[in-house]
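Student: Return atomic coordinates for the entry below.
(2 chains)
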Protein chains: 2
Amino acid sequence: MTVVSVAHALAGKYPEGGEVTVRGWVRTVRGSAGLAFVNVSDGSGFAPIQVVATDALGNFEDIKRLTPGCSVIATGKLVKSQGKGQSFEIQGERMEIVGWVEDPLTYPIQPKPMSPEFLREVAHLRPRTNLFGAVTRIRDCLAKAVHRYFHENGFYWISTPIITTSDAEGAGQMFRVSTLDMANLPRGGDGGVDFGQDFFGKETFLTVSGQLNVEAYCLALSKVYTFGPTFRAENSHTTRHLAEFWMVEPEIAFADLSENARVAEEFLKYLFRAVLDERADDMAFIAERVQKDAVTRLEAFVNAPFERIEYSDAITLLQKSGRKFDYPVEWGLDLQTEHERWLTEEHVGRPVVVTNYPEHFKAFYMRLNDDGRTVAAMDVLAPGIGEIIGGSQREERLDVLDARMAQFGLDPAHYQWYRDFRRYGSVPHAGFGLGFERLVVYVCGLSNIRDAIPYPRAPGSAEF
Amino acid sequence: MTVVSVAHALAGKYPEGGEVTVRGWVRTVRGSAGLAFVNVSDGSGFAPIQVVATDALGNFEDIKRLTPGCSVIATGKLVKSQGKGQSFEIQGERMEIVGWVEDPLTYPIQPKPMSPEFLREVAHLRPRTNLFGAVTRIRDCLAKAVHRYFHENGFYWISTPIITTSDAEGAGQMFRVSTLDMANLPRGGDGGVDFGQDFFGKETFLTVSGQLNVEAYCLALSKVYTFGPTFRAENSHTTRHLAEFWMVEPEIAFADLSENARVAEEFLKYLFRAVLDERADDMAFIAERVQKDAVTRLEAFVNAPFERIEYSDAITLLQKSGRKFDYPVEWGLDLQTEHERWLTEEHVGRPVVVTNYPEHFKAFYMRLNDDGRTVAAMDVLAPGIGEIIGGSQREERLDVLDARMAQFGLDPAHYQWYRDFRRYGSVPHAGFGLGFERLVVYVCGLSNIRDAIPYPRAPGSAEF
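Tutor: Down below sits the predicted model:
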């Protein structure tokens, strides 16, 4: 018994005419006199394989009763398929029925179009659909390409802490992590909660970013990155926000903003090339059913040199555009999605890196430019999505950093460790952050970011 | 200016006699009349490169004042080294001093042996030491080998939820995640905390395992795995426990316990081979300074076929061993570390897979064997560490699962989604879990698991 994956069988990795065994779940069954055509999927690739069963099989009566979702082990001869769109099929010699579907009429996953809204309600079964099978394989391809790009370019992976005592952004809503008995909280002398009795002996939260932590490794190993979950307790119940999401954060020693932008461009193109090369089957489905230009826009992306525009010039361009925007355009105000999309989609028609933003709405750790009013920050904007990457050169001068922390009202004592990197062999360095689910949303043409995470509803992702 | 990594320069990837630039941090400086030998590390590999500076350099007086930790950019001719143990060195033509060390006498990272205990106190600077540089690169190598093994074998990566409403083990202490104002908790009608007002509208925790969630994907994509952080709020402040750690959890459809053990063996050997092949430099240091047999024991591991022993036979062997153990040996009691180490280190002398444990001390989801008193569980034991992997075949029969849940006092309503997999095309499946930091501890010969995590103390991992 040569057990093979459906993907390998369809790809012609086994000799024509040889006997193979596939194992998986029934997608569809068609029958005619003395024949049953059973499409079997094992999720190894997008397409199922057709197994042709005849009434010569001892359990043919059972095979005719198969419904979508049943599990089978099918053995037979691998032959060229006569049907269009299929390379190979299996002339069934044996088909063991492993698991039936209890009450097929109420089985939630039917071979018909189902809305993402409905499927979010049966999230533990949605991986069995075409769409979520494709999204899962594309997500896997992107994640592995992330690690491979960094490996090939000499970056080391650092898993920064999830439970933390600090807020890396100096702002933002965080989730508290605690083992205190909430029905009976210990109180301190001042009547406040006594976090000294909590698990770690202090108040702790879920991290919002690994950046500050990963800088410690950057200033020793030169090229490092995080790829792990981060958390934001923002009450933005939109189709674009998640409370729990994965983030990629490289950090590069001796890099300035220009080098940072170069790496961001090379990195994104590497990821999209990987999807085009390795998941053509799933992308073809996405293009057919979800987003018409899903493939062509990735191809355009990997072939387009990124444009670079200073924030100040972007403001001028927007003001001269003749376009009426909902939000005001003025030097000193942040760019809104409508502005970003005009820049990248209409004005340039390619990805754009906007650089050197006003210092007052950017984070304290971004390097102050010589003009004293902008920082070496960058946002990468892409047609069809807007901002996809944000980054900056970091402030490596201790005196400037201290002044910036004072300006932001941050306590230097709390950041003593971060100041240390500037006291001991400080070097210019830069990095950026990429929200991994945003990337999946873009590649798969999804309209709700909740469809980019693999979590079943129960027992559950809190996301539902 | 050809900027090169120190690792590439030492590996002879650039022409001898050509001009190169390296950027990094000073490890040591030695001087003699008119000469300075500056060892520069950029963390790209274990070894620093020696830059020879002469008093022909304009800033030679400054170069002589360099101390460990200063950052430099050095340019010069790459030449074969006369010194032993060094392949190449650089005849310095220019050396820019980028960052000084403030008060070198109190700089914590000195070029002398420092205890791990001390370095845990300056965790944000410890990546600059030989030991933690090596551990970081080995950890990276292992993590990338995890993804690569699964990629080459057709497994898809699934990021299961971190914030969850369920306890995958049916037991164990969990961290609560909340945004409620603890100083002013909302109360329900019964006086208890009203979690309906919490961020997700219910009580939520940090996950202890992604296994139950990843099964949803296994029963659609056949071969899947998680690799992400998990959390245990156990008050075990030992050198072997972490509250926050990364776990690898593959799940394989149509696999029984024997196939599960085969994959576990192949997987571990793949990881160790990767370390031996790719991090010979760091492993040589580990063998020299940390654990004498670090390399030879990995080599033995990858060459040894795993032994398989039934739990019942292991009990008999232990009872007949003539050894006096601290803990009792009796059918129905769990194996203790001393028993596991006797089995793998003394009795077999190779890794051992112990299978089919008594059902009453294993989890509810493990498949009940036909004897009715054991389950298809397995533990992989290895010389030098004891248990390194735990796994099982899962109970795929709905009626047996329901009976087991009743036995464990679990509410079936809470596991309805998990029961669904057994109602709709159920198949045999199996999987295992590998604590990633345990693996790092083993490979690097560390005596405290806190040295296997990359977290700086501040702002901080809660681990310190």
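Student: which residues does the closest residue to chain B within the stretch 251-400 of chain A contact?
Tutor: Proximity of the stretch 251-400 of chain A to chain B (Cβ to the nearest Cβ) peaks at residue A:254, 4.6 Å away. All C-beta spots, glycine's among them, are computed from the backbone N, C-alpha and C. Residue A:254 makes contact with A:222, A:427, A:428, A:429, B:3, B:23, B:73, B:98, according to Cβ atoms under 8 Å, 6 or more residues apart in numbering or on different chains.
Student: Could you single out the nearest of those residues to residue B:329?
Tutor: Residue B:329 lies nearest to residue A:222 out of those, by Cβ to Cβ, at 52.1 Å.
Student: ok, now which ones touch residue A:60?
Tutor: Neighbours of residue A:60 in contact, by Cβ under 8 Å, 6+ apart: A:36, A:53, A:54.
Student: Which one of the residues you listed sits in the busiest neighbourhood?
Tutor: Counting neighbours by other Cβ atoms under 10 Å in any protein chain shown, residue A:53 leads these with 27 neighbours.
Student: Quick one: residues contacting it.
Tutor: A:35, A:36, A:37, A:38, A:60, A:63, A:74, A:92, A:95.
Student: among those residues, which are in strands?
Tutor: A:35, A:36, A:37, A:38, A:74, A:92, A:95 (DSSP state E).
Student: May I have the beta-bridge partners of the last one?
Tutor: Right, residue A:95. residue A:74 (DSSP bridges).
Student: ok, it touching residue A:63?
Tutor: Yes: counting by Cβ atoms under 8 Å, residue A:63 is a contact partner of residue A:95 at 5.7 Å.
Student: shared neighbours of those two, anything?
Tutor: With Cβ under 8 Å, 6+ apart as the test, residue A:95 and residue A:63 both reach A:38, A:53, A:57.
Student: pretty sure the second one is in a strand, no?
Tutor: So the one you mean is residue A:53. Yes: checked against DSSP: H, G, I helix; E, B strand; the rest coil, residue A:53 lies within a strand.
Student: I'd like the distance between it and chain B.
Tutor: Using Cβ to the nearest Cβ, to the nearest Å, residue A:53 is found at 17 Å from chain B.
Student: can you check the last one too?
Tutor: Taking Cβ to the nearest Cβ as the measure, residue A:57 falls 20 Å from chain B.
Student: so who does that residue touch?
Tutor: Residues in contact with residue A:57 (Cβ under 8 Å, 6+ apart) are A:63, A:92, A:93, A:94, A:95.
Student: Just the pLDDT at it, thanks.
Tutor: pLDDT recorded at residue A:57 is 96.
Student: The first one too?
Tutor: According to the prediction, residue A:38 has pLDDT 98.
Student: and the closest residue to it other than its chain neighbours, how many neighbours does it have?
Tutor: Once flanking residues are discounted, residue A:38 sits nearest to residue A:51: 4.7 Å by Cβ to Cβ, 6 or more residues apart in numbering or on different chains. Counted by other Cβ under 10 Å, the residues lying close to residue A:51 total 25.
Student: ok, residue A:51 touching residue A:86?
Tutor: No: using Cβ under 8 Å, residue A:51 makes no contact with residue A:86, being 11.4 Å away.
Student: could you say what helices and strands the longest strand seen in chain A packs with?
Tutor: Scanning chain A for the longest strand, with DSSP E as the assignment, gives strand A:19-32. Applying 3 or more Cβ pairs under 8 Å, 6 or more residues apart in numbering or on different chains; DSSP states H and E, one finds that strand A:19-32 makes contact with helix A:6-10, strand A:35-41, strand A:71-80, strand A:88-99.
Student: Go again with 7 Å.
Tutor: Applying 3 or more Cβ pairs under 7 Å, 6 or more residues apart in numbering or on different chains; DSSP states H and E, we find strand A:19-32 packed against helix A:6-10, strand A:35-41, strand A:71-80.
Student: Just the mean pLDDT for the last one, thanks.
Tutor: Pointing back at strand A:71-80 there. 97.
Student: Same question for stretch A:211-226.
Tutor: The average pLDDT within stretch A:211-226 is 96.
Student: show me the contacts for the residue of the stretch 1-150 of chain A found nearest chain B.
Tutor: In the stretch 1-150 of chain A, the residue that lies nearest chain B is residue A:43 (3.2 Å; Cβ to the nearest Cβ). The contact partners of residue A:43, by Cβ atoms under 7 Å, 6 or more residues apart in numbering or on different chains, come to A:133, B:220, B:221, B:222.
Student: on that earlier part again, kindly reformat the shared contacts of residue A:95 and residue A:63 as TSV containing distance to residue B:344.
Tutor: Shown next, in TSV, are these (distance: Cβ to Cβ, whole Å):
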residue	distance to residue B:344
A:38	46
A:53	48
A:57	47
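Student: Brilliant, that's me finished.
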